Every structure is written in structure tokens, then in C-alpha cells.
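Chemist: With the input below, show me the fold.
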Amino acid sequence: MKSLLVQLDESTLRNLNRVALAAKRQRAEFIRTAIRKAIREAEEERMRLAFLRHPDTETGADDWSNAEEWNR
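Modeler: This is a model prediction of the structure:
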């Protein structure tokens, strides 16, 4: 695992300590989890915007109306 130096202002550090301790996690694990969540949300937003720019057409969309029939 790689290390990363992050500088925080006093208020952010105080809040991090309060929240991370309340969640019974170490700060590093809390930060890793927060970063993963932010990355996932950014990727989901990128995908949402792509679908808005290029929505499925009625003819191009998958037809799931008979999905039960296919599942044999």
C-alpha cells in the first residue's frame, strides 16, 4: 500500500478525529473509505451524465419485457 501525505487544517482534523472515533475506526481507514466512496460517486455521476447526453432510443434499448421467458 502506498502512503500519501495530506495536510488538514485544525478544524478538519478535529472533526475527522471526532467522526472517525465515533465510528470506531482509525483515521486512516476512515479516510480510505471516504476516498473510495467519493471515487464511486464521481464514476456514477460521470455515467449518469453520459446517459443523459446519449440516452437509449426505443429501438436501441434492450427489450426486457419478456425476461421471464428467457430465464429457463
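
Chemist: out of everything not next to it in sequence, what's closest to residue 17?
Modeler: residue 27 (7.0 Å; C-beta to C-beta, 6 or more residues apart in numbering). Placement of C-beta: from N, CA and C, glycine included.

Chemist: What score does that neighbour have for pLDDT?
Modeler: On the pLDDT scale, residue 27 is placed at 91.

Chemist: Quick check: the gap between the residue sitting nearest the centre point of the chain and residue 20.
Modeler: Nearest residue to the geometric centre of the chain (C-alpha atoms, centre = their mean): residue 40, 2.3 Å. Using C-beta to C-beta, to the nearest Å, residue 40 is found at 20 Å from residue 20.

Chemist: same question, residue 56
Modeler: Counting by C-beta to C-beta, the gap from residue 56 to residue 20 is 42 Å.

Chemist: what does residue 53 give?
Modeler: Residue 53 sits 38 Å away from residue 20, going by C-beta to C-beta.
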